[in-house]
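K.L.:
Quick one: sequence plus predicted model below, questions after.
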Amino acid sequence: MLEARNLTKRYGAYTALNDLNLTIAPGEIFALLGQNGAGKTTTINLFLGFIQPTEGTAFIDGISVTENLQESKKRLAYIPETVMLYSNLTGIENLEYFSSLAGFDYSKKELEQLLAKAGLQSSAYDQRLAGYSKGMRQKVGIAIAVAKKAKVLLLDEPTSGLDPKASNEFSEIIKTLATNGTTILMATHDIFRAKQVASRIGIMKEGNLQSIIHADSISANELENLYLKTV
């Protein structure tokens, strides 16, 4: 569902991402670990088409992002560290607006069901987003991804700034999405969360993917030790 083939991004003499080769299967959660500047966000941005590769190609569902950006975008949803929604609109109004941009026309009941599936409490549906916590905003972002019927979900530091309860709720939601077939690529600093939700974990350093680990083959302490040795 996601493939990076010799994917490289340079800015002058600086290499932000070096010859990345990676394949992520449908319904898989893949976590990228690494320090700031390791290449995690660059990888996400190349799949989104926000930046152009210097060499290589990013594919979404077999579609080249560079050659067919609009078609590839139809298959994905993106939740950045700070979810960009309209603070003057309610949760349900944001969901209605962004799903309509993707060509969907849901009834109010269907919109409420989507927000419920994303774990948002019903009392918040008609509240303006200005009063939402970060975790609540992310749940609206998840609802938008489900409303768009996205095959791929790209997450950049999704649990940064969340309290443990909200972080655990978010993890459970994305695991449910993956069980239902959504492919998830998550860039994170959170070693524990990566171990908890991902099937495979990649460790990046200075633009290079140093290793890929199957999450069920390593403990959280072992993963932390490997991460610290790598970075």
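P.N.:
Received, thanks.
K.L.:
what's next to stretch 207-221, contact-wise?
P.N.:
Under the criterion CB atoms under 8 Å, 6 or more residues apart in numbering, residues 9, 15-22, 38-39, 42, 191-192, 194-195, 198-204, 223, 226, 230 lie in contact with stretch 207-221. Bear in mind the C-beta positions are built from the backbone N, C-alpha and C, glycine included.
K.L.:
Can you flag which of the residues you listed belong to helices?
P.N.:
Counted as lying in helices by DSSP state H, out of these, are Thr42, Ile191, Phe192, Ala194, Lys195, Leu223, Leu226, Thr230.
K.L.:
Hmm, the first one is touching Leu17, no?
P.N.:
Yes - shown here, Thr42 and Leu17 form a contact pair, counting by CB atoms under 8 Å, at 4.6 Å.
K.L.:
where's the lengthiest helix in the chain relative to the chain centroid, distance-wise?
P.N.:
Looking across the chain with DSSP H, the single longest helix is helix 164-179. Put simply, helix 164-179 sits 12 Å off its chain's centre (CA atoms, centre = their mean, to the nearest Å).
K.L.:
Check which helices and strands it is in contact with.
P.N.:
In terms of contacts (3 or more CB pairs under 8 Å, 6 or more residues apart in numbering; DSSP states H and E), helix 164-179 is packed against strand 29-33, helix 134-147, strand 152-156, strand 183-188, helix 191-197.
K.L.:
now with 7 Å?
P.N.:
helix 134-147, strand 183-188, helix 191-197 (3 or more CB pairs under 7 Å, 6 or more residues apart in numbering; DSSP states H and E).
K.L.:
can I get the ones you listed in a markdown table with distance to Glu55?
P.N.:
Listed next are those as a markdown table, based on distance: least, CB to CB, whole Å:
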| stretch | distance to Glu55 |
| --- | --- |
| helix 134-147 | 30 |
| strand 183-188 | 20 |
| helix 191-197 | 28 |
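K.L.:
Any buried residues in stretch 27-37, and which?
P.N.:
Using 16 or more other CB atoms under 10 Å as the test for burial, stretch 27-37 gives Gly27, Glu28, Ile29, Phe30, Ala31, Leu32, Leu33, Gly34.
K.L.:
meant to ask about stretch 16-28
P.N.:
Quick answer for stretch 16-28 (16+ other CB under 10 Å): Ala16, Leu17, Asn18, Leu20, Leu22, Ile24, Gly27, Glu28.
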